[in-house]
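K.L.:
Only the shape, not the letters, is given here:
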């Protein structure tokens with residue numbers, strides 16, 4: 001036992017002596033905080049939604065932060081809308097290198113996330129935050145300001161609050177315009193009595209007294225006004241195709257009952273099988289026997305304005321043409337989803 005204790009003491013002495021001889025205590029003294037060298041402040045760029053989204057869009061280069069000794073440094077790149085003093089910055093990326101590159105799609109997403117408006121040139125501040133290990137004090141570079149014009153592929157929308165959903169704008173069904181900057185909104189809405197149209201506030205939210213809203217001018221002839229308006233009104237509860245042009249200040253509604261028709265259905269091309277609206281899911285559906293063959297969806301049991309029979313490259317239903325069912329014959333649940341304006345879809349699920 002005495003020999004064992006002596007061996008332990010010897011190991012301890014050797015280890016302690018080794019630490020004292022070889023270990024050095026470093027004090028981190030910041031000599032430079034990673035200043036941005038490229039691009040320069042005032043750099044301008046217009047991002048293009050038609051360009052390949054994986055192409056290189058933007059590269060940032062900065063000097064290494066200098067702590068006077070070799071040490072691994074983490075650099076966080078932060079974006080913020082100019083004038084916000086980085087109150088809520090977007091973390092655009094982290095690296096141990098002294099440069100970072102973004103693709104078109106990623107850079108556009110980060111710029112919009114920082115608060116810049118699509119298709120409008122805006123000022124964005126960029127800075128580098130340098131840290132060494134956990135708990136170290138961050139070192140922050142002087143920011144640069146760049147002028148970026150981002151884009152969006154999302155269609156602009158307005159909401160339709162009313163009796164049909166408790167006059168609650170954030171949960172109201174939406175209408176979508178044909179393109180960014182357009183004012184020709186449309187969509188399908190279950191209406192039950194009075195309703196209005198409301199736009200988004202500066203934060204992109206639908207909020208009474210913070211957003212522009214439109215109602216009827218009192219003549220009930222399809223004219224919209226923003227002040228001294230009255231509520232629009234649906235003559236009867238039902239599913240409507242709704243148009244609202246906030247530029248021309250006009251609106252219209254058309255009640256539509258949807259069905260499925262075609263050789264794939266029990267009644268062929270002679271008559272529709274009606275779809276039933278589900279208020280909980282805001283979709284139309286029916287359980288039906290299907291066989292292989294063409295079919296389509298149409299409204300009001302007539303050929304004309306309401307005819308969905310083709311699918312575009314994005315998988316959304318479009319007017320004209322015929323769809324094809326090529327599955328095994330049997331009973332299917334057919335669901336037509338018109339809940340997302342201008343992005344209509346359907347599904348066939350065997351039951």
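P.N.:
Arrived safely, thanks for sending. Just so you know, these numbers come straight off a predicted model, no measurement behind them.
K.L.:
When you work out contacts or count neighbours from here on, use the C-alpha atoms and nothing else.
P.N.:
Fine.
K.L.:
can you count the residues close to residue 137?
P.N.:
11 (other CA atoms under 10 Å).
K.L.:
How about residue 52?
P.N.:
11.
K.L.:
now swap in the one 3 residues further on and tell me
P.N.:
Here the number of neighbours of residue 55 (other CA under 10 Å) works out to 12.
K.L.:
ditto for residue 302
P.N.:
Residues lying near residue 302 (other CA under 10 Å) number 11.
K.L.:
Ok, the one 5 residues further on next?
P.N.:
The local packing of residue 307 (other CA under 10 Å) involves 21 other residues.
K.L.:
who's it bridged to?
P.N.:
residue 298 (DSSP bridges).
K.L.:
do residue 324 as well
P.N.:
Beta-bridge partners for residue 324, by DSSP bridges, are residue 294.
K.L.:
And it, how far from residue 274?
P.N.:
Distance check for residue 324 against residue 274: by CA to CA, to the nearest Å, it reads 19 Å.
K.L.:
cool, and residue 66?
P.N.:
72 Å.
K.L.:
repeat for residue 235
P.N.:
In terms of CA to CA, residue 235 sits 22 Å off from residue 274.
K.L.:
quick one: which of those two has more around it?
P.N.:
residue 274 (19 against 11).
K.L.:
gap between the more buried one and residue 343?
P.N.:
21 Å.
K.L.:
Residue 285 too?
P.N.:
For residue 285, the distance to residue 343 - CA to CA - is 17 Å.
K.L.:
Which one's more surrounded, those two?
P.N.:
Using other CA under 10 Å, the more surrounded residue of residue 285 and residue 343 is residue 285, with 21 against 17.
K.L.:
so what pLDDT did that one get?
P.N.:
Looking at residue 285, its pLDDT is 98.
K.L.:
repeat for residue 8
P.N.:
Reading off the model, residue 8 has pLDDT 35.
K.L.:
any weak-confidence spans in the stretch 1-150 of the chain?
P.N.:
Residue ranges of the stretch 1-150 of the chain with pLDDT under 70: 1-33, 68-70, 135-136.
K.L.:
Please name the residues that touch residue 295.
P.N.:
260-265, 309, 322-325 (CA atoms under 8 Å, 6 or more residues apart in numbering).
K.L.:
what's the farthest-apart pair in the residues you listed?
P.N.:
Within the contacts of residue 295, two members stand farthest from each other by CA to CA: 265 and 309, at 14.3 Å.
K.L.:
These two: which is more packed in?
P.N.:
Neighbour totals were compared for residue 265 and residue 309, and residue 265 leads with 23 against 17 (other CA under 10 Å).
K.L.:
For the more buried one, which non-adjacent residue is closest in space?
P.N.:
residue 290 (5.3 Å; CA to CA, 6 or more residues apart in numbering).
K.L.:
didn't that neighbour look like it was pressed against residue 332?
P.N.:
Yes: using CA atoms under 8 Å, residue 290 is in contact with residue 332, at 6.8 Å.
K.L.:
Settle it for me: which of the two has more neighbours?
P.N.:
A count of neighbours by other CA under 10 Å puts residue 290 above the other of residue 290 and residue 332, at 24 against 17.
K.L.:
which among the contacts of residue 295 gets closest to residue 121?
P.N.:
Closest to residue 121, out of all of these and judged by CA to CA, is residue 309, at 39.9 Å.
K.L.:
which element is that closest one on?
P.N.:
Per DSSP states H and E, residue 309 falls inside strand 307-311.
K.L.:
who does that strand touch, helix- and strand-wise?
P.N.:
If you count contacts as 3 or more CA pairs under 8 Å, 6 or more residues apart in numbering; DSSP states H and E, strand 307-311 packs onto strand 293-299, strand 317-319, strand 323-325.
K.L.:
For residue 339, which of those strands is the nearest?
P.N.:
That would be strand 317-319 among the helices and strands packed on strand 307-311, by CA to CA, at 12.4 Å.
K.L.:
about what we covered before: which one of the helices and strands packed on strand 307-311 is the most hemmed in?
P.N.:
strand 293-299 (a mean of 22; mean count of other CA atoms under 10 Å).
K.L.:
now that one and strand 307-311, what's the angle there?
P.N.:
130 degrees (axes from the mean of the first three to the mean of the last three CA atoms, to 10 degrees).
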